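Colleague: need coordinates for the following:
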Amino acid sequence: MRAVVQRVSRAKVTVEGRVTGEIGAGLMILLGVGRQDTAAVAVSLAEKCANLRVFEDDQGKMNRSLLDVKGSALVVSQFTLYGDARGQRRPSFISAAPPEQAKALYEDFCEALRKLGVSVATGVFQAMMSVELVNEGPVTILLDSEKTF
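Modeller: Predicted structure coming up:
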């Protein structure tokens, strides 16, 4: 499972002109699901995101987590995080999970965040979405459950 985590002051996702998810301060999480991922991986990555210390403390150091600041998360499924463009111009997506597996694990990830007390907004799985955000810092962190980066 892969995630692009961005610290935001606000973010929203729109599908066919309708806002389907919107948050104030918190994390924008683009989530990709791989073929080898499991529910346990989804829970583990959700815990990592919720506890990632990317929010500033009183001294201006990144020492606070999403849980500490009581922020929200906007989670958007993005299979293209598994795009492999090494040596070619058109990415291959064979490492991405098939839609039915990806949707279930995406939902597991969102539910794991909710169980930790995070308010979660979402996009619409497999829809063409427009995502808007204001990245604060900017702070952007790449996470991979297989720790390839």
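Colleague: skip the chain neighbours and tell me the closest residue to Q36.
Modeller: Nearest-residue entry for Q36: E146, 8.0 Å, with adjacent residues in sequence omitted and distances by C-beta to C-beta, 6 or more residues apart in numbering. All C-beta spots, glycine's among them, are computed from the backbone N, C-alpha and C.
Colleague: ok, now S92?
Modeller: Nearest non-adjacent residue to S92 (C-beta to C-beta, 6+ apart): D84, at 4.8 Å.
Colleague: next one: the residue nearest in space to the middle of the chain from K61, what distance?
Modeller: A centroid search over the chain (C-alpha atoms, centre = their mean) returns I29, at 2.2 Å, as the residue closest to the centre. Distance of I29 to K61, given as C-beta to C-beta, to the nearest Å: 22 Å.
Colleague: could you look up the SS state of C49?
Modeller: helix (DSSP: H, G, I helix; E, B strand; the rest coil).
Colleague: for this structure, what spans make up the strands?
Modeller: 2-15, 18-23, 26-32, 55-56, 62-64, 72-77, 119-122, 130-144 (DSSP state E).
Colleague: which secondary structure elements does the second one sit against?
Modeller: The reference is to strand 18-23. strand 2-15, strand 72-77, strand 119-122 (3 or more C-beta pairs under 8 Å, 6 or more residues apart in numbering; DSSP states H and E).
Colleague: which one of those strands is the most hemmed in?
Modeller: strand 72-77 (a mean of 25; mean count of other C-beta atoms under 10 Å).
Colleague: pull the distance from that strand to the chain's centre.
Modeller: Remark: strand 72-77 is offset 5 Å from the chain centroid, using C-alpha atoms, centre = their mean, to the nearest Å.
Colleague: tell me the strands beside it, with direction?
Modeller: strand 26-32 (parallel), strand 119-122 (parallel) (DSSP bridges).
Colleague: report the rounded mean pLDDT for that strand.
Modeller: Mean pLDDT, strand 72-77: 98.
Colleague: contact partners for the residue nearest to P98 when sequence neighbours are not counted?
Modeller: Nearest non-adjacent residue to P98, counting by C-beta to C-beta, 6+ apart: R35, 7.6 Å away. Residues in contact with R35 (C-beta atoms under 8 Å, 6 or more residues apart in numbering) are 95-98, 101.
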